[in-house]
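A.B. asks: Kindly generate the corresponding structure for this input.
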Amino acid sequence: FRASDDGQTMPFHVPANAMAVTELYHTARLMEALEGTGVFQNSSSTGAVALGQIASRADKLAEELLLGVARHGIHASGEYLVYELDGFGSTYFMDDANIPSLLSLPYLGFLDVAEILSRRIARGREPWLADVNWAALYANTRQRLLNRDHNPFFFHGDAAEGIGGPHVGFGAVLGPRPRAICGGTARLS
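C.D. replies: Below is the predicted model:
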């Protein structure tokens with residue numbers, strides 16, 4: 001399901017996967033920082049929880065999800081991110097007024113984390129990932145999102161404009177959240 005509680009058109013939701021990448025990366029950093037502090041204890045005979053193992057697993061999952069976003073979530077043109085995909089080459093481009101959304105990726109911290117993880121993965125096993133410019137992809141994606149010709153849920157009228165979504169139907173812009181995200185991410189366009 002999308003953040004708006006609507007069913008997805010295709011099974012893989014790129015913004016949710018991007019958010020998961022970011023949060024798994026931050027979880028790994030937190031576990032590394034806490035390792036050896038004795039903060040987490042369990043009731044087993046071994047004592048401390050293996051925070052280093054949790055960090056390693058979180059990092060590995062973040063890397064695998066990022067690879068999925070890079071391999072499948074970037075449109076075939078290589079110019080922008082898609083909203084949903086089926087894993088077989090079909091994609092759907094739009095955005096929703098809720099979070100996570102494509103528009104909210106900088107707010108979520110995804111662009112910075114994607115750059116860090118892309119460099120790490122490129123050194124190890126996927127050299128092509130070093131060439132992915134996440135900031136440029138976002139700028140192109142944002143430009144398309146804020147254009148009615150590309151995003152069926154971008155609305156422009158006499159009184160307001162913004163991203164709505166299927167949850168409220170065509171022509172309706174949802175409250176202040178999409179406008180705040182639009183303004184808060186404007187520096188990257």
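
A.B. asks: From now on I want contacts and neighbour counts done on CA atoms only, so please keep to that.
C.D. replies: Fine.

A.B. asks: For the chain, give me the ranges with low pLDDT.
C.D. replies: 1, 3-5, 40-49, 166-189 (pLDDT under 70).

A.B. asks: can you give me the strands in it?
C.D. replies: 12-13, 84-85, 91-92, 154-156, 161-165, 169-173 (DSSP state E).

A.B. asks: Please tell me how far stretch 104-119 is from the chain's geometric centre.
C.D. replies: The chain centre lies 8 Å from the centre of stretch 104-119; the measure is CA atoms, centre = their mean, to the nearest Å.

A.B. asks: Buried ones in that stretch, by neighbour count?
C.D. replies: Buried residues in stretch 104-119, defined by neighbour count with 16 or more other CA atoms under 10 Å: 104-106, 108-111, 113-115, 117-119.

A.B. asks: Let me know the distance separating the residue lying closest to His150 once chain neighbours are set aside from Glu23.
C.D. replies: Nearest non-adjacent residue to His150, counting by CA to CA, 6 or more residues apart in numbering: Arg144, 5.6 Å away. Separation of Arg144 from Glu23 (CA to CA, to the nearest Å) stands at 26 Å.

A.B. asks: Likewise for Phe12?
C.D. replies: From Phe12 to Glu23 the distance is 18 Å (CA to CA).

A.B. asks: again, but for Ala76
C.D. replies: 27 Å.

A.B. asks: Neighbour count: those two, which is higher?
C.D. replies: Using other CA atoms under 10 Å as the criterion, Ala76 and Glu23 rank with Glu23 on top: 19 against 14.

A.B. asks: can you pull the contacts of Thr27?
C.D. replies: 55, 58 (CA atoms under 8 Å, 6 or more residues apart in numbering).

A.B. asks: Next, count neighbours for Trp128.
C.D. replies: 12.

A.B. asks: before we move on, what about Ala70?
C.D. replies: Neighbours of Ala70 using other CA under 10 Å come to 19.

A.B. asks: Please compute how far the longest helix anywhere in the chain lies from its chain's middle.
C.D. replies: Criterion DSSP state H: the longest helix present in the chain is helix 14-34. Centroid separation between helix 14-34 and its chain, computed with CA atoms, centre = their mean, is 11 Å.

A.B. asks: do the same with stretch 78-97
C.D. replies: On CA atoms, centre = their mean, the centre of stretch 78-97 falls 12 Å from the chain's centre.

A.B. asks: can you check stretch 26-41 too?
C.D. replies: 24 Å.

A.B. asks: Report the buried residues of it.
C.D. replies: 26-29, 31-32, 35.

A.B. asks: now do stretch 135-150
C.D. replies: Buried, per 16+ other CA under 10 Å, within stretch 135-150: 135, 137-142, 144-147.

A.B. asks: Helices - which of those land there?
C.D. replies: Short answer: those in helices (DSSP H) are 135, 137-142, 144-145.
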